[in-house]
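**Student:** Mind folding the following:
(one chain, ligands or ions: 3)
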Amino acid sequence: MNTIALVGAQWGDEGKGKVIDILAKSSDYVVRATGGSNAGHTVVSGGKTYKLHLIPSGILYPDTKNIIGNGVVVDPKVVLEEMDSLVKMGVSMKNLFIDLRAHVVLPYHKEIDELAEKAKGKDAIGTTKRGIGPCYADKCDRIGIRVIDLINPETFAQKLKANLEFKNKIIVNVYGGKPLDYKSVLDEYNGYAKRLAPFACDTGVMLYDAIKANKRIVFEGAQGTLLDLDSGTYPFVTSSHPISGGFCAGAGVGPTAIKEVLGIAKSYTTRVGAGPFPTELDDEVGKHLLEVGKEFGVTTGRARRCGWLDAVILRIAVRINGLTSLAINKLDTLTGLKKLKIATHYMRDGKEVNDFPADISLLEGCTPVYEEFDGWTEDISGCKSFDALPENAKKYILAIERLAGCKVSMIGVGPDHEQNINR
Ligand code: GDP
Ligand code: IMO
Ligand code: MG
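**Tutor:** Ligands and ions are numbered 1, 2, ... in the order given. Modelled structure (predicted):
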């Protein structure tokens, strides 16, 4: 079997887009299974920068088939805009397939996401306001509208009418917002449906045939382990399962269809949105990571919170995803820092803590315990092998392997897909 799943090992934005692009080059299929347009994946290839939200990163290769699986929540407006901008950049859409069972993000999802965040005040999650949570909530509530419904004008008109009547009551009576107009949403989305219909199919069946034919398949993770609805820092999480188990439900494959699981992490930690972050730095080093690492969100443009690498998090990622190896990106961002630190565990009330507690408010009282390393000043952005790295950079990578309990198979030394070391 020739399948590999890529998952974010931290809070998202670990450089998944870049690694997926590297693997997609020699793959037959790239499959997105969870999340929606909250994701922002950057691919730097051939001097061009591509920012992808819903379309799998394999789209840049003409012979790779790209699947948006049933577990993704599809915003038709965003996916069509993305298709248009890629076509303008010379990328063909002939190999894009969208599952008929995928749920559709509608304007009321985005409106409610925005209003609910505002209503939460200081307790807001800091969502991307892309309607992700409300769309998954409708799916669970069994009132969602799927791609199959969208492309059937009669079904869509009827389901939209029923949903909008109900959602407008919430928008107006609960949040004091303005109601959405049925006719204009209907017309707008009927237009999207016409354009999306040719791409819609049963991707689960397609994928099963591909697995049986021993095709090379990459499952493209979005978000990251600590944003998982069950295992993450709830409630400061997203509303899907961005962990390896999520690929099974979200792509419609069994767990035995996934041979390897590659966890993507940065050489430090970042997070966008609210919630606990034990190794967060509010000092000169934090500023270095933000500025040198250009840590600004692809989807919302927000500055990402930055901090030291946290081995507690990496061990959680190894455990929950069953990682077979790790890719460590952005090693080059650490260049120039005199001392580097990795949190090995935390201390709380004089006791050692090795995991995130279920009650995340307890994380506030956790003080990270760090192992310290000497930094390096050499430019590593052109390094092509592990041996070519400065001694201190090698020591840092070996320490990650030891502390995470997982081998490091790839190292990123720059944003371009060529700036990658395979071990
Ligand atoms: P994703 O959501 O996991 O795909 O990651 P994002 O694209 O949101 O953020 C990762 C950022 O880091 C992007 O701007 C990438 O171009 C960049 N990047 C990825 N790998 C490296 C690396 O090894 N070095 C540097 N300097 N930048 C990288
Ligand atoms: P990629 O795929 C980083 C975060 C949001 C917020 C929380 C909930 O680029 O790694 P949501 O809009 O999903 O309801 O927001 O999750 N979040 C991400 N953070 N990278 C992402 O995706 C994210 N997708 C969602 O900032 O804290
Ligand atoms: Mg991102």
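
**Student:** Please name the nearest non-neighbouring residue to the residue of the stretch 151-300 of the chain found nearest ligand 1.
**Tutor:** Closest residue of the stretch 151-300 of the chain to ligand 1, C-beta to the nearest ligand atom: residue 298 (4.4 Å). All C-beta spots, glycine's among them, are computed from the backbone N, C-alpha and C. Leaving aside its chain neighbours, residue 298 sits nearest to residue 40 (2.6 Å; criterion: C-beta to C-beta, 6 or more residues apart in numbering).

**Student:** what's the burial count for the one you found?
**Tutor:** As a burial measure, residue 40 scores 19 neighbours (other C-beta atoms under 10 Å).

**Student:** wait, isn't it in contact with residue 299?
**Tutor:** Yes: contact criterion C-beta atoms under 8 Å: residue 40 and residue 299 qualify, at 3.9 Å.

**Student:** Which residues are in contact with each of the two?
**Tutor:** Between them, residue 40 and residue 299 share these contacting residues under C-beta atoms under 8 Å, 6 or more residues apart in numbering: residue 53.

**Student:** quick one: the residue of the stretch 151-300 of the chain closest to ligand 1 from ligand 3, how far?
**Tutor:** Per C-beta to the ion, to the nearest Å, residue 298 is found 5 Å from ligand 3.

**Student:** cool, and residue 292?
**Tutor:** Residue 292 sits 18 Å away from ligand 3, going by C-beta to the ion.

**Student:** Near that residue, how many other residues are there?
**Tutor:** By other C-beta under 10 Å, the residues close to residue 292 number 15.

**Student:** Please renumber the chain so that the first residue is 58 from this point on.
**Tutor:** Shifting the count to begin at 58 puts that one at residue 349.

**Student:** The closest residue in space to it that isn't next to it in sequence: what's it in contact with?
**Tutor:** Nearest non-adjacent residue to residue 349, counting by C-beta to C-beta, 6+ apart: residue 390, 5.1 Å away. Neighbour list for residue 390: 323-325, 346, 349-350 [criterion: C-beta under 8 Å, 6+ apart].

**Student:** do the same with residue 272
**Tutor:** 59, 85-86.

**Student:** Closest residue of the chain to ligand 1?
**Tutor:** When distances are taken as C-beta to the nearest ligand atom, the chain reaches nearest to ligand 1 at residue 469, 2.5 Å away.

**Student:** Now do the same contact list for that residue.
**Tutor:** Contacts of residue 469 by C-beta under 8 Å, 6+ apart are 72, 75-76, 384-389, 476-478.

**Student:** surely residue 277 meets residue 87?
**Tutor:** Yes: assessed by C-beta under 8 Å, residue 277 is found in contact with residue 87 at 5.5 Å.

**Student:** what do those two both touch?
**Tutor:** If you check residue 277 and residue 87 against C-beta under 8 Å, 6+ apart, the residues they both contact are 77, 113-115.

**Student:** and those, which are buried?
**Tutor:** 77, 113-115 (16 or more other C-beta atoms under 10 Å).

**Student:** Go through these and name the one nearest residue 107.
**Tutor:** Taking C-beta to C-beta as the measure, residue 114 is the one of these closest to residue 107, at 7.9 Å.

**Student:** Please name the spatially closest residue to that closest one (chain neighbours excluded).
**Tutor:** Leaving aside its sequence neighbours, residue 114 sits nearest to residue 77 (C-beta to C-beta, 6+ apart; 4.1 Å).

**Student:** and this structure, which residues reach ligand 2?
**Tutor:** When proximity is defined as C-beta under 6 Å from any ligand atom, the chain approaches ligand 2 at 65, 68-70, 95-98, 182-185, 187, 189-190, 279-281, 284, 293, 295-296, 329-330, 355.

**Student:** for stretch 351-359, which positions count as buried?
**Tutor:** Residues of stretch 351-359 classed as buried: 352, 354-356 (neighbour count, 16+ other C-beta under 10 Å).

**Student:** Kindly reformat these as a markdown table containing secondary structure.
**Tutor:** A markdown table is the format used below for the buried residues of stretch 351-359 (DSSP: H, G, I helix; E, B strand; the rest coil):
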| residue | secondary structure |
| --- | --- |
| 352 | coil |
| 354 | coil |
| 355 | coil |
| 356 | coil |
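
**Student:** Any chance of a markdown table for those residues, columns pLDDT?
**Tutor:** Output for the buried residues of stretch 351-359, formatted as a markdown table (pLDDT from 0 to 100):
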| residue | pLDDT |
| --- | --- |
| 352 | 97 |
| 354 | 89 |
| 355 | 86 |
| 356 | 84 |
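
**Student:** Specify which member of these is nearest to ligand 3.
**Tutor:** Within the buried residues of stretch 351-359, the smallest distance to ligand 3 is 4.7 Å, found for residue 355 (C-beta to the ion).

**Student:** Contact partners for residue 64?
**Tutor:** 73, 278, 281-282, 299-301, 318-321, 374, 378, 380.

**Student:** CA atoms only for the lengthiest strand in the chain, dumped as CSV, please.
**Tutor:** As assigned by DSSP state E, the longest strand anywhere in the chain is strand 396-405. Extracted C-alpha coordinates of strand 396-405, given in CSV (Å, rounded to 0.1, in the frame of the first residue of the first chain):
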residue,chain,number,x,y,z
LYS,A,396,20.1,30.1,22.9
LEU,A,397,17.2,27.8,22.0
LYS,A,398,14.7,26.1,24.3
ILE,A,399,12.4,23.1,24.1
ALA,A,400,9.8,22.5,26.9
THR,A,401,10.3,18.9,28.1
HIS,A,402,7.3,19.0,30.6
TYR,A,403,5.6,21.3,33.0
MET,A,404,5.5,21.8,36.8
ARG,A,405,2.2,22.5,38.6
